[in-house]
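Undergrad: mind folding the following:
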Amino acid sequence: MEKSIESIWKEGFLESDALVAPTVNNLYNQKSKSTTDRLKRMFKINLYAIVIMAVVTWIGYALLGVPLAGLFIFLLLMGVFALAIKQGRALKELDHGLSSYEYVKAFDNWIHGIIAKNVKVMRFFYPLIFLGSMAPIWYAFEKGEITGKILSENPDIPVLFGIPVVALAVVFGIMLLMVIFGGKIYRWDVNLVYGAIFRKLKGLVSDMEELRN
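TA: Here you go, the predicted structure:
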């Protein structure tokens, strides 16, 4: 009866020369390459999505009469894009001559490393993006369309820069919450997009370590 991949892996690791056995190495190479290549493709797609979103937002905000706010968001997104490109270069520096186990471990460490760094950045990125997204509403307030209606019904409401103070307090309150919980928001966002492949990679590492031991 033909041996299963799992049994070949297990027997291979129990041999003293397991890590140089061509059959075992080939099996690991196929599985690890499939997993890491999929994550790399998703990473590239995400980069394209950031650029498209940046351009569309700038154009859309210009049409709404707030081109500077659109430029602000465009620059924020392109900053994230530049950071991702820089982090991607570190991935290319991983030694492809490593064994499958060592490469997957290095790949997994790279992922956790960039997530840890990005958590710090995103704590401020999300509030700033939210502030920029409020620009069309701010513009409507400044034109007096919304403020005039509110003041006609509530003349005692304090106004600052043409905007009710209550509205400003709500906006900055939300921004403060984003600063506090930005890291968790980012981790949730990453898990939503990459969660399945992360779990697969983690399972691959666990399998390799279990068989090695």
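Undergrad: Met134 contacts Val171, correct?
TA: Yes: using CB atoms under 8 Å, Met134 is in contact with Val171, at 5.8 Å. All C-beta spots, glycine's among them, are computed from the backbone N, C-alpha and C.
Undergrad: and Leu76, how many residues sit next to it?
TA: If you count neighbours by other CB atoms under 10 Å, Leu76 ends up with 19.
Undergrad: next: Tyr103.
TA: Using other CB under 10 Å, Tyr103 has 19 neighbouring residues.
Undergrad: and the pLDDT for Leu19?
TA: Leu19 is assigned a pLDDT of 48 by the prediction.
Undergrad: sorry, that was for Asp207
TA: pLDDT at Asp207 comes out at 71.
Undergrad: what about it, distance to Ile163?
TA: Distance, Asp207 to Ile163, by CB to CB, to the nearest Å: 57 Å.
Undergrad: could you identify the longest helix within the protein?
TA: The residue-count maximum for a helix in the chain (DSSP state H) belongs to helix 165-212.
Undergrad: chain center to that helix: distance?
TA: Relative to its chain's centre, helix 165-212 lies at 8 Å (CA atoms, centre = their mean, to the nearest Å).
Undergrad: and if you look at stretch 45-64?
TA: In terms of CA atoms, centre = their mean, the centre of stretch 45-64 is found 16 Å from the chain centre.
Undergrad: show the average pLDDT along that stretch.
TA: 92.
Undergrad: now it: buried residues?
TA: Within stretch 45-64, the residues scored as buried using 16 or more other CB atoms under 10 Å are 50, 54, 57-58, 61.
Undergrad: give the contact list for the residue nearest to the spatial centre of the chain.
TA: Geometric centre of the chain, nearest residue: Val190, 4.7 Å, by CA atoms, centre = their mean. Applying CB atoms under 8 Å, 6 or more residues apart in numbering to Val190 gives the contacts 115, 118.
Undergrad: from Glu209, how far off is it?
TA: Val190 sits 24 Å away from Glu209, taking CB to CB as the criterion.
Undergrad: all strands for the chain, in order.
TA: Here the chain has its strands, by DSSP state E, at 159-160, 163-164.
Undergrad: if you average pLDDT over each of those strands, which is lowest?
TA: The bottom spot among those, by mean pLDDT, belongs to strand 159-160, with a mean of 67.
Undergrad: ok, the closest residue to Ile197 other than its chain neighbours - contacts?
TA: Excluding its sequence neighbours, the residue lying closest to Ile197 (CB to CB, 6 or more residues apart in numbering) is Leu39, at 5.1 Å. Contacts for Leu39 (CB under 8 Å, 6+ apart) come out as 107, 111, 194, 197, 201.
Undergrad: and the gap between Leu39 and Ala169?
TA: To Ala169, Leu39 is 42 Å away according to CB to CB.
Undergrad: cool, and Ile111?
TA: Per CB to CB, Ile111 is found 39 Å from Ala169.
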